[in-house]
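[1] next come a sequence and a model predicted from it.
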Amino acid sequence: MNAIIDTIPEIKPADNKSIQDLLSSLHTSKRRDFIAPMKRIRILNNGEDMQSRLQDEFAITLGNDDMTFGMSDFCAKQLNQRLKPGFGRYAEELQRAELDYLYLENVNELLMHDDRRAQVRVLENGKTYARAVVSDKYCSIDDPIVFGTALNVLGDNAHRFKSIGGNRTDIKTYCKFVSREPVFALEIGGKTREFSAGFMISNSEVGQGTACFQAFFTDSYCNNGLIFSKSILADVNFKHIGSRIDTDFGEIFGSQISRIKQGEIAQLIDNATKIACSQETAMLEPIIDQIMTSIERKLQGDEIAGIRNVLTAAKVPTVDHDKVIREIDPADNSQFGIQAGLTQYAQKVENYEKRIELEKKGADVISMNDRTWKACQALSV
């Protein structure tokens, strides 16, 4: 298995961490799950009076001092969305207006009148914080099962694939693998650019989907990545819903998943990884065709307006448009050039989750059909 490990240097917020660091984080982090009636849960303003170990804006308490934790932003959003339809949006507006006192008043009032129970997922990895609030029937398939199994299969394919690392966010864990040898090369702007193909494995421990294997291409010239989210090489469908947890209040001890069930899930991951490895060549032809076509398509008329139209069509947030434009090579006014600027910018953003989304948008730009491309150009003339 060690043969697939390649180290990478200095880490920035949106960088791919080395696979060693990623695996170390997965195996050394302590996961703790708690059950509590929603009526007992309270959200606190995480001010100076709170314990120093709490570094997040808000904290969640389950009724006891030893069950008070800082909350990730995702955890707070997840709780807000669970309470009442529309409250998640309202809570965002209150926090945007810095009306924390009004948010706390509303969220705690709703909690007091909620008869359900919730499972709070807590992570200890240097600091202790609540990572998610999920159903009391939620049954997590944790990262060590998914990535440990996948890496065993990839170890058998180490002569073909290498890891370029990945990252772990509060929402998902990602790991990327590409072919050791370039799968094709193109002459672009007088330079030879080599492309490697592979896949990205993702998994969520907090209720945001099951394990998924998506097509991934990287341009060795500038290390840009393209995630073809519509090219699902393997999707592992297992239920995250188990039987009702017997504990009424307090920490849940022991795995909720039987050894037999864990074995079944590991087999699903094993099969999915083998399928993803075997699909490397099958996915090449249509994607190469898209890349070739994107090189030939040039901007017409007002180039800046054309770029903005393309980014809008790919659903890149408007707030990012100017930053993407600054990354685009002025000598390359092609559809491919727009993608290159977008994925170059993706490496500089403030967090990895956003990088993943922008790398998917880069693939959407490459995959844009002729009709949409022409419409973007027509609007800029």
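    Sure, I can see it.
[2] which strands and helices lie in contact with the helix or strand where residue 213 lies?
    Take DSSP states H and E as the rule and residue 213 turns out to sit in strand 212-219. Strand 212-219 sits against strand 173-179, strand 191-203, strand 224-235, helix 259-278, with contacts defined as 3 or more C-beta pairs under 8 Å, 6 or more residues apart in numbering; DSSP states H and E. Yep, even glycine has a C-beta here, placed from its N, CA and C like the rest.
[3] sheet partners, orientation included, of it?
    Pairing partners of strand 212-219, with direction, according to DSSP bridges: strand 191-203 (antiparallel), strand 224-235 (antiparallel).
[4] can you give me the angle the first one makes with helix 259-278?
    By that I understand strand 191-203. 170 degrees (axes from the mean of the first three to the mean of the last three C-alpha atoms, to 10 degrees).
[5] show the contacting residues for the closest residue to residue 266 other than its chain neighbours.
    Distance criterion C-beta to C-beta, 6 or more residues apart in numbering; nearest residue to residue 266, sequence neighbours excluded, is residue 149 at 4.6 Å. Counting by C-beta atoms under 8 Å, 6 or more residues apart in numbering, residue 149 touches 266, 269, 270, 273.
[6] per-residue pLDDT of residue 52, please?
    The per-residue pLDDT reported for residue 52 equals 37.
[7] on that earlier part again, with respect to residue 300, which of the contacts of residue 149 is nearest?
    For those, the minimum distance to residue 300 (C-beta to C-beta) is 44.3 Å, reached by residue 273.
[8] please report how far residue 377 lies from residue 305.
    Applying C-beta to C-beta, to the nearest Å, the value for residue 377 to residue 305 is 9 Å.
[9] mind listing the strands in the chain by residue range?
    With strands called from DSSP state E, the chain shows them at 30-37, 42-45, 58-61, 68-71, 117-124, 128-135, 161-168, 173-179, 184-188, 191-203, 212-219, 224-235, 250-252.
[10] which parts of the first one are buried?
    Of the residues in strand 30-37, 32, 33, 34, 35, 36, 37 count as buried by neighbour count, 16 or more other C-beta atoms under 10 Å.
[11] same check, this time on the second one
    If you call a residue buried by 16+ other C-beta under 10 Å, then strand 42-45 has these buried ones: 42, 43, 44.
[12] now do the third one
    If you call a residue buried by 16+ other C-beta under 10 Å, then strand 58-61 has these buried ones: 58, 59, 60, 61.
[13] the closest residue to residue 61 other than its chain neighbours: neighbour count?
    Leaving aside its sequence neighbours, residue 61 sits nearest to residue 68 (C-beta to C-beta, 6+ apart; 4.1 Å). Counted with other C-beta atoms under 10 Å, residues neighbouring residue 68 total 20.
[14] residue 68 contacts residue 60, correct?
    Yes. Under the criterion of C-beta atoms under 8 Å, residue 68 makes contact with residue 60 at 7.2 Å.
[15] between these two, what contacts are shared?
    residue 44.
[16] dump the strands paired with strand 212-219 into JSON lines; add mean neighbour count and mean pLDDT as well.
    What follows is the strands paired with strand 212-219, written out as JSON lines (neighbours: other C-beta atoms under 10 Å; pLDDT from 0 to 100):
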{"stretch": "strand 191-203", "mean neighbour count": "21", "mean pLDDT": "85"}
{"stretch": "strand 224-235", "mean neighbour count": "21", "mean pLDDT": "72"}
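[17] distance of the nearest residue to residue 78 once chain neighbours are set aside from residue 43?
    Among residues not flanking residue 78 along the chain, residue 133 sits closest, at 5.2 Å (C-beta to C-beta, 6+ apart). Computed as C-beta to C-beta, the residue 133 to residue 43 distance reads 10 Å.
[18] please apply the same query to residue 211.
    In terms of C-beta to C-beta, residue 211 sits 31 Å off from residue 43.
[19] try residue 176
    In terms of C-beta to C-beta, residue 176 sits 36 Å off from residue 43.
[20] related to what we said a few turns ago, which one (most neighbours) among the contacts of residue 149?
    residue 273 (27 neighbours).
[21] now do the same for the closest residue to that residue other than its chain neighbours: its pLDDT.
    The shortest distance from residue 273 to any residue other than its chain neighbours is 4.0 Å, reached at residue 153 (C-beta to C-beta, 6+ apart). For residue 153, the model assigns a pLDDT of 88.
[22] got the contact list for residue 153?
    Neighbours of residue 153 in contact, by C-beta under 8 Å, 6+ apart: 270, 273, 274, 277.
[23] which residues are in contact with the first one?
    Going back to what we said before, that points to residue 270. Residue 270 sits in contact with 149, 150, 152, 153, where contact means C-beta under 8 Å, 6+ apart.
[24] rewinding a little: now the strands of the chain in TSV, with distance to residue 92?
    Formatted as TSV, the strands of the chain follow (distance: least, C-beta to C-beta, whole Å):
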stretch	distance to residue 92
strand 30-37	24
strand 42-45	15
strand 58-61	13
strand 68-71	15
strand 117-124	20
strand 128-135	16
strand 161-168	25
strand 173-179	25
strand 184-188	42
strand 191-203	25
strand 212-219	27
strand 224-235	25
strand 250-252	30
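[25] those: which one's closest to residue 311?
    strand 224-235 (15.4 Å).
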